[in-house]
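Enquirer: Here's a sequence, model it:
(one chain, ligands or ions: 2)
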Amino acid sequence: MLRPLADDRATRTAATPVPTTTAPAAPAAAPHFGFDNSYARELEGAYIAWQPSPVPAPKLVWLNRALAGELGLDAAALASPAGVAVLAGNAVPEGAAPIAQAYAGHQFGGFSPQLGDGRAILLGEVVDRLGRRRDIAFKGSGRTPFSRGGDGKAALGPVLREVIVGEAMHALGIPTTRALAAVATGEPVFRDSVLPGAVLTRVAASHLRVGTFEFFAARGQTELLRRVADYAIARHDPDLAGRDGRHLALLRAVCARQAALVARWMGVGFIHGVMNTDNTTISGETIDYGPCAFLEAHDPATVFSSIDQLGRYAYGNQPRIVQWNLARLAEALLPLIDADPARAAQQANEAIDAFPAQYRAQWLAVLRAKLGLDDAATDDADQALADDWLQLLRTHRVDHTLGWRRLADAAAGREAPLRALFGAEPAAVDPWLVRWRARAAAADPAAWAGRIAAANPIVIARNHRVEEALAAAVEHDDLGPMLRLLAALERPFDERAEDAELAQPASADFSAGYRTFCGT
Ligand code: AMP
Ligand code: MG
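Expert: Ligands and ions are numbered 1, 2, ... in the order given. Model (predicted):
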């Protein structure tokens with residue numbers, strides 16, 4: 001296998017387009033993307049030009065028309081045979097500069113110096129209708145020089161899981177990459193069983209990750225590291241461009257974004273499942289919906305991922321883990337932060353040590369919104385009130401989503417639905433409700449309830465519903481359950497009678513036995 005990016009010189013050689021697979025140019029009716037590929041243009045040496053592998057029988061399974069519109073793309077052209085050929089990787093559209101990006105990463109705490117896009121290709125970048133630069137990338141588009149032992153492919157089920165959960169997160173207002181399309185390839189993918197193959201088209205604010213910086217830092221390629229960092233600044237923190245101290249400021253900005261992101265995850269009970277540093281973005285978007293899942297009964301120790309045997313990425317560990325990942329970013333940035341290693345280390349440490357307070361502030365803001373509280377009381381008092389509520393949920397194994405949501409009913413004077421969640425001990429929540437009401441001193445209960453409902457979803461991508469939708473799509477070629485679930489997830493804060501079933505928790509048995517898997 002070609003060992004990519006062995007040194008700067010080899011990198012430059014490897015970065016010239018030498019694909020082993022060639023795709024024909026797209027036919028005339030192909031969709032127009034208007035690509036502007038800054039990564040390929042500015043970061044030579046940080047990627048390998050590479051083409052997606054053609055697939056035998058592409059079939060469009062799902063297209064995100066709303067996102068296509070946001071990107072200024074013609075959905076009808078994307079859904080046409082020429083468009084599907086592009087989305088399958090069978091035709092490279094005009095203006096694309098397909099590349100496989102280099103990155104490293106700490107996986108479950110251990111460092112892998114070379115990961116990279118082993119089953120992904122960045123097709124190019126477009127500037128969307130709001131002027132935001134967005135990556136358009138494939139996942140499952142065949143082997144690349146970074147594939148190591150992998151086949152470079154993705155199976156339909158995990159591709160559709162990424163569609164569903166990404167759209168759900170987006171509708172919740174949580175920063176996330178999003179799926180533009182899912183195309184079945186007509187090719188089998190060999191995992192534990194034989195599965196239908198698929199290609200996901202993913203849209204991201206960028207695919208820069210902590211592991212991107214680790215890659216160049218570990219190789220001692222400081223100048224390339226600096227170019228990548230300045231590229232990240234131009235893309236995500238343009239106010240810092242050209243300033244002294246900008247690389248430390250970049251670290252702080254990433255810390256701030258990740259603190260906000262993980263606090264939002266914790267609010268909705270999202271468990272990422274594989275928070276390796278290669279899955280921690282610089283943009284602050286959620287990325288890589290592999291073994292992710294949502295909490296049912298509130299319990300910080302919850303782990304669903306089959307490969308997370310020690311519970312490293314348990315729900316309650318996520319804030320600490322993201323700080324650990326940010327410390328890896330800090331280490332990678334050291335040579336840019338200060339020429340004097342001791343001073344660089346001290347400044348980086350200060351930034352990382354500031355993270356817990358940064359996170360606590362974000363988490364308290366999330367909790368206050370969910371409790372329908374302003375910031376009139378002290379932080380400590382409100383945190384204690386929220387902690388006692390979370391402890392109640394935990395002690396009584398209350399469903400995280402419904403527990404929070406039924407506070408809106410309680411605020412409006414209907415306490416029965418909330419008390420019913422406490423099983424044999426409905427009165428257990430009463431003393432806390434008294435404190436909460438006293439703190440809120442809501443002049444207008446209906447308005448208070450409305451604020452709480454707007455901060456606490458009723459419909460989330462419940463694990464059993466996601467599995468049900470994926471089984472129908474993959475095993476029975478029936479997209480109905482997935483489309484119905486997506487429609488409900490689009491409006492997660494609206495309580496509608498027709499979605500009542502989707503809002504219900506899984507049985508305790510289902511959740512106790514539920515396991516998620518990595519393999520996209
Ligand atoms: P992930 O756990 O999905 O974030 O992937 C971690 C690393 O494994 C990345 O470098 C991926 O490109 C690589 N990888 C995962 N699955 C495959 C596959 N089927 N073929 C090639 N590379 C893969
Ligand atoms: Mg990944």
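
Enquirer: Grab the nearest non-local neighbour of residue 358.
Expert: Computed as C-beta to C-beta, 6 or more residues apart in numbering, the closest residue to residue 358 that is not its neighbour in sequence is residue 259, at 4.5 Å. Using the backbone N, CA and C atoms, a C-beta is placed for each residue, glycine as well.

Enquirer: Check the secondary structure at the one you found for me.
Expert: Following DSSP: H, G, I helix; E, B strand; the rest coil, we place residue 259 in the helix state.

Enquirer: Is it in contact with residue 354, as I believe?
Expert: No - contact criterion C-beta atoms under 8 Å: residue 259 and residue 354 do not qualify, at 9.6 Å.

Enquirer: For the stretch 401-520 of the chain, give me the ranges with low pLDDT.
Expert: By pLDDT under 70, the low-scoring segments of the stretch 401-520 of the chain are 519-520.

Enquirer: Walking through it, point out its helices one by one.
Expert: 416-420, 430-440, 445-455, 463-476, 480-489, 500-503, 508-513 (DSSP state H, counting those that start in this stretch).

Enquirer: Could you tell me how far the shortest one lies from the centre of the chain?
Expert: Here helix 500-503 is found 24 Å from its chain centre; the criterion is C-alpha atoms, centre = their mean, to the nearest Å.

Enquirer: What confidence value was assigned to the residue nearest to residue 358?
Expert: Looking at residue 259, its pLDDT stands at 99.

Enquirer: Same question for residue 335.
Expert: 98.

Enquirer: so who does it touch?
Expert: 217, 222, 225, 344 (C-beta atoms under 8 Å, 6 or more residues apart in numbering).

Enquirer: Narrow these to just the buried residues.
Expert: By neighbour count, with 16 or more other C-beta atoms under 10 Å, those hold 217, 225, 344 as buried.

Enquirer: Tabulate those residues (a markdown table), appending secondary structure, distance to ligand 2 and pLDDT.
Expert: Shown next, in a markdown table, are the buried ones among the contacts of residue 335 (DSSP: H, G, I helix; E, B strand; the rest coil; distance: C-beta to the ion, whole Å; pLDDT from 0 to 100):
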| residue | secondary structure | distance to ligand 2 | pLDDT |
| --- | --- | --- | --- |
| 217 | helix | 19 | 98 |
| 225 | helix | 20 | 98 |
| 344 | helix | 28 | 98 |
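
Enquirer: Residue 394: which of the residues you listed is nearest?
Expert: Using C-beta to C-beta, residue 217 is the member of the buried ones among the contacts of residue 335 that lies nearest residue 394, at 39.6 Å.

Enquirer: In three-state terms, label the closest residue to that closest one other than its chain neighbours for me.
Expert: Nearest non-adjacent residue to residue 217, counting by C-beta to C-beta, 6+ apart: residue 332, 3.7 Å away. Of the three states, residue 332 takes helix under three-state DSSP.

Enquirer: Quick one: the strands in this protein, in order.
Expert: For the chain, applying DSSP state E gives strands covering 47-49, 59-63, 99-101, 105-107, 110-112, 120-127, 133-139, 154-155, 178-190, 194-204, 270-271, 293-294.

Enquirer: Neighbouring strands - and their directions - for the first one?
Expert: With DSSP bridges as the test, strand 47-49 is paired with strand 99-101 (antiparallel).

Enquirer: mind listing what's buried in the partner strand?
Expert: 99-101.

Enquirer: export the residues you listed to TSV and tack on distance to ligand 1 and pLDDT?
Expert: Putting the buried residues of strand 99-101 into TSV (distance: C-beta to the nearest ligand atom, whole Å; pLDDT from 0 to 100) gives the following:
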residue	distance to ligand 1	pLDDT
99	13	98
100	9	98
101	10	98
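
Enquirer: Out of those residues, which comes closest to residue 188?
Expert: Nearest member of the buried residues of strand 99-101 to residue 188, counting by C-beta to C-beta, is residue 100, at 23.4 Å.

Enquirer: Would you confirm that that closest one contacts residue 142?
Expert: No - between residue 100 and residue 142 there is no contact under C-beta under 8 Å: 10.1 Å.

Enquirer: just to revisit the earlier point, of all the helices of the stretch 401-520 of the chain, which one is nearest residue 267?
Expert: Using C-beta to C-beta, the nearest of the helices of the stretch 401-520 of the chain to residue 267 is helix 445-455, at 8.1 Å.

Enquirer: next one: that closest one to chain centre, how far?
Expert: Computed by C-alpha atoms, centre = their mean, the separation of helix 445-455 from the middle of its chain amounts to 28 Å.

Enquirer: hmm, who's touching it?
Expert: Counting by C-beta under 8 Å, 6+ apart, 369-372, 405, 407-409, 411-413, 440, 442, 493, 495 sit against helix 445-455.

Enquirer: make it 6 Å
Expert: 369-370, 372, 407-408, 411-412, 442, 493 (C-beta atoms under 6 Å, 6 or more residues apart in numbering).

Enquirer: just stretch 251-261 next, same as before
Expert: With C-beta under 6 Å, 6+ apart, stretch 251-261 has contacts from 175, 237, 282, 284, 322, 326, 330, 333, 351, 355, 358-359, 362.

Enquirer: ok, back up a step: pick the one among the contacts of residue 335 closest to residue 35.
Expert: residue 225 (26.1 Å).

Enquirer: Lovely, talk soon.
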